[in-house]
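Student: Let me see the structure of the following:
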Amino acid sequence: MEEAIIAAIVVELGSAAFKEIGAALGVTKQLEELKETLESINYTLLLAPEADRAQIWFKRLQGVYYDAKEILDDFEFYHLQWQGSAGLKVRQFLFILNNPFRFRWVMGRKIKWIRESLCRIKTDKDACDINTRGGKGVRWVEVTNSVSDTFPSLCKTDVIGRDKDAQNILELLSGDRISSPVCTIPIVGMGGIGKTALALKVYSGDGIDASFDLKLWASVKEDFNNLKNLLRKILASASKCSDHLKKEQLQSQCKCSDHLNTEQLQCQCKSFDHLPTEQLQIQLKEKVKGKTFLLVLDDVRSVDRAKWVEFLSLLSEGALKGKIIVTTRDQLVASAVSPDLPYKLQGLTLEDSRHLFVQWTFGGDARNKESLMKIGEEIVEKCKGVVGAIRTVARLLQGKREEHQWLTLRGDFRSIFDKKGRFISYEELPFHLKRCFAYFSNLPKNFKILGIELIHQWIAQGFIQPSVETQELEKIGQDYICELMSRSFLQDTDGYGLFSTIKIHDLVHELAISVAQTEYLIVDSHVKDVPENVRHLSFSGKKNLQKDKVPSPLLEMRKVCTVGFQSVGPDRCLLDACISRFKCLRMLGLGNSSFKALPSSIGGLKYLRYLDLSGNSEIESLPHSICRLLLLETLMLQGCVKFLKLPKDVGKLPRLRCLRLTTRGRFLSGKLIAGLEKLQCLWIEECGELEHLFDIEEIRNQHVLSTVSVLVIMNCKNLLSLPRRLSSLPKLENLVIVNCEKLDLTKIDECDDGLVNLRYLWVGKLPQLVDLPGWLLGGAATTTLNHIRITDCSTLTTLPKDLKCLRKLSIEKCPLIASLPDGMNYLAKLEEFRISECLELIHRCQREKGADWHKISHVRDIYLNGINIQDSINK
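Tutor: Numbers count the residues shown, from 1 in each chain. Model (predicted):
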């Protein structure tokens, strides 16, 4: 998980923004040194086998990573002060900021300390004789935008029961059954069966080096049909003296690692970026010329037969002899690459499955655990020899010694499989999803969270990093959620995009806890032992937690990054203690607290990016010191029913991208909102006295909301109007207007282009709404809107039409809508149509016999009062 975060930081260090910071502060050299240090840490983390991750050296390495990340935040924070983005000066840093030599000296000492710490860890690691991968002519490279997420790792438990299979593959490699100079052996089997581990066992075998001059490994996935990418991967694995580079040479090239550092590997990859395909082909021919080689193409998902023949021809030119091992789940791929030599990998025998299960669950010793093993054998039998499934259930049961815990898993075994019957595998997740999934261990069991809230928490932790600087983080986060759902790690209760309610199954939550290890800790009255490397704290309990109830070692921690309270907030003494002692906080969740004022010391949390004060029924204002939080990205104040207004300088916070607000005022400060140059999400709710969104005179010449992509206005019963120029917001993609009974949507100016980026629209409980106005659905919106939800609009009589890109349409409790508009049958992209509690409309949409059935019969999913009437067709 940490290696994924570091990879993202390395990308960020190479961005234009941080190059500008380095130049402005005169610390370009220090930033380069920090980047090299992080890459060295990351490479070691990537190569660490599972068993080593519990070692002391690994935990120390995690600590160094957090220290390096803290320095990175320091650079960004000081740069913002240097620019004067907040219009403020912080006294304690003034001397450093006005003295660039002093600043460079301070940062240089910190980076030097980190690099020295890394070298000490390396020395201790060497003393423990931690074995790592390596061998003659081998480089493990996955060419991506950042560091690899697919370095294969081999440990003894991975290959239990595979000796015979390995011998069979070796015989095929050494045999001369095919006269061609290059032949292929596909290993085919279902996901998690152990194909990669078997290929790696063969690849790393003692006798294999004597048979081949050159060994190559490339993780392919979807890249085979992109010949250029494939060639780049193979060349990267063959370069940098890969033929005969010895371990001693590697060590001499790396300052703090037994491995070639990531910067060198990335340079190898990047050195081929500018080359056309023809040049890459020539270079590969030169690499294999006159040599015998073994190439492993791991996890090939698809292949075009013609391109495969072309690829074989390329390798055949000049090579003395070559063997290719292809691992794949697809029998068609296996047939395409070598119809005559498929090797079908079967599941483990029941005996080997039990052996693997005992190794992973009990460390190999199951003595005095007969009652648990009786249940365990039933669970293992259900895994049907699939290594990945056995590892998943073993991970869930590690450390559990109560029979009822094992019985729960046995009874709910299906929950760890997806809809297609495949087990959900943490190991198969890409690196960026591993860290996001582990984060769920910090949330309470049976939690539910809005997708947009989850995304902003991920952003605060640094889990979401764009591959291109112009990408919006919220969009990337939404893609992450969709991918975790497709892999059955998450459940979406309603399917409304950013506004979906997300939850996970209890057993999947247990899996998240097991992979997060000791970095995340849920604190309750029973907690006694506090891991030294804990970074994320979540306090549980139904009453205000008091300071004297918290284990004293916990308050001595100095590197805690996250503090959250699951049900109710802390008492004032505990809050003061958290703020004064946890100076590295990036997230502070104080939801449902009852204190009347936030301590002014909050301004000292310079790394804070996420502050949740929601549901506090007593707080009326915020201290002005909150304006010193230059890195703050999310501020949550919804449900604070007594809250009056924000400090005026909040509008100068340079990083604030999400603001959720409840206020007693009659309008918001348009000048303040206009000053938030990074604002992406504005959420106004439960503002009972709000009459106008902004003071009309104040915003007359202000470009308010010009950066906002998400605008939510809910439960504002006295709201009369919205800004007249709302119809021309250039970046607005998600618009929600719900339960504003006095609001008239017709009093908004229409413009020719309209909302040029609007994707999602939800309107509900608007008694004055008779027809959706043209400014919402006209102009460019006809080609951009793909999801409309209309709820509780008792006076609405017509539905929109001519929306060419509409994919989802949901109508709930709109009794006056008596029929569907003509032309709905031409909405070719409409995939989902939901109608609930609309009696006449439901009657007209009955399958085959309804008067409007012909208008929607082409839609894949049609839900009438929650029942999908297309299910029989889809199946």
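Student: so how far is residue 788 from residue 441?
Tutor: 36 Å (Cβ to Cβ, to the nearest Å). No exception for glycine: its C-beta is placed from N, CA and C like everyone else's.
Student: sorry, that was for residue 316
Tutor: Residue 316 sits at a distance of 57 Å from residue 788 (criterion: Cβ to Cβ).
Student: Kindly report the same for residue 771.
Tutor: Distance from residue 771 to residue 788, counting by Cβ to Cβ: 14 Å.
Student: pretty sure residue 684 is in a strand, no?
Tutor: Yes - Residue 684: assigned to a strand according to DSSP: H, G, I helix; E, B strand; the rest coil.
Student: is it true that residue 440 touches residue 512?
Tutor: Yes - here residue 440 reaches residue 512: they are 4.1 Å apart, a contact under Cβ atoms under 8 Å.
Student: how close does residue 757 get to residue 728?
Tutor: 11 Å.
Student: out of residue 771 and residue 788, which sits in the busier spot?
Tutor: Using other Cβ atoms under 10 Å, the more surrounded residue of residue 771 and residue 788 is residue 788, with 21 against 14.
Student: For the more buried one, which three-state class applies?
Tutor: With three-state DSSP as the basis, residue 788 sits in strand.
Student: OK, contacts around it?
Tutor: With contact set as Cβ atoms under 8 Å, 6 or more residues apart in numbering, residue 788 has these partners: 760-762, 800, 803, 806, 808-810.
Student: Let's see the pLDDT reported for residue 584.
Tutor: At residue 584, the model reports a pLDDT of 91.
Student: Verify the stated contact: it with residue 560.
Tutor: Yes - the pair residue 584 and residue 560 passes the contact test of Cβ under 8 Å, sitting 6.5 Å apart.
Student: Which residue ranges of the stretch 51-200 of the chain form strands?
Tutor: Taking DSSP state E, counting those that start in this stretch, the strands of the stretch 51-200 of the chain run over residues 140-141, 182-188.
Student: which one of those strands has the lowest average pLDDT?
Tutor: When the strands of the stretch 51-200 of the chain are compared by mean pLDDT, strand 140-141 comes last with a mean of 30.
Student: Could I get the full set of helices for the stretch 501-650 of the chain?
Tutor: Here the stretch 501-650 of the chain has its helices, by DSSP state H, counting those that start in this stretch, at 506-516, 552-555, 572-581.
Student: Which one of the ones you listed lies nearest to residue 412?
Tutor: Nearest to residue 412, of all the helices of the stretch 501-650 of the chain, is helix 506-516, at 6.0 Å by Cβ to Cβ.
Student: distance between stretch 165-174 and the chain's centre?
Tutor: On the basis of Cα atoms, centre = their mean, to the nearest Å, stretch 165-174 sits 39 Å off its chain's mean C-alpha point.
Student: Give me the buried positions along that stretch.
Tutor: 165-166, 168-170, 172-173 (16 or more other Cβ atoms under 10 Å).
Student: Pick the one among these closest to residue 687.
Tutor: Distance to residue 687, by Cβ to Cβ, is smallest for residue 165 among the buried residues of stretch 165-174, at 66.0 Å.
Student: what's the distance between the closest one and residue 180?
Tutor: Counting by Cβ to Cβ, the gap from residue 165 to residue 180 is 24 Å.
Student: so which one among the contacts of residue 788 has the lowest pLDDT?
Tutor: On pLDDT alone, residue 800 ranks lowest of the contacts of residue 788, at 83.
Student: you'd agree that one is in a helix?
Tutor: No - looking at residue 800 with three-state DSSP, it is coil, so not inside a helix.
Student: Ends of stretch 539-547, what's the gap?
Tutor: By Cα to Cα, to the nearest Å, the extent of stretch 539-547 from end to end equals 12 Å.
Student: So what touches it?
Tutor: Applying Cβ under 8 Å, 6+ apart, the contact partners of stretch 539-547 are 444, 522-525, 550, 555, 563-571, 573-574, 577, 593-594.
Student: What subset of those is buried?
Tutor: So, by 16+ other Cβ under 10 Å, the buried ones in those are 522-523, 550, 555, 563-566, 568-571, 574, 577, 593.
Student: and of those residues, the nearest to residue 849?
Tutor: For the buried ones among the contacts of stretch 539-547, the nearest to residue 849 is residue 566 (50.7 Å; Cβ to Cβ).
Student: Quick check: that closest one touching residue 444?
Tutor: Yes - the pair formed by residue 566 and residue 444 meets the contact definition of Cβ under 8 Å, at 4.6 Å.
Student: got any residues that touch both of the two?
Tutor: 522, 538, 540.
Student: In strands, which of those residues appear?
Tutor: Judged by DSSP state E, the subset of those located in strands is 522, 538.
Student: so can I have CSV of the shared contacts of residue 566 and residue 444 showing pLDDT and distance to residue 721?
Tutor: Formatted as CSV, the shared contacts of residue 566 and residue 444 follow (pLDDT from 0 to 100; distance: Cβ to Cβ, whole Å):
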residue, pLDDT, distance to residue 721
522, 84, 46
538, 89, 42
540, 82, 44
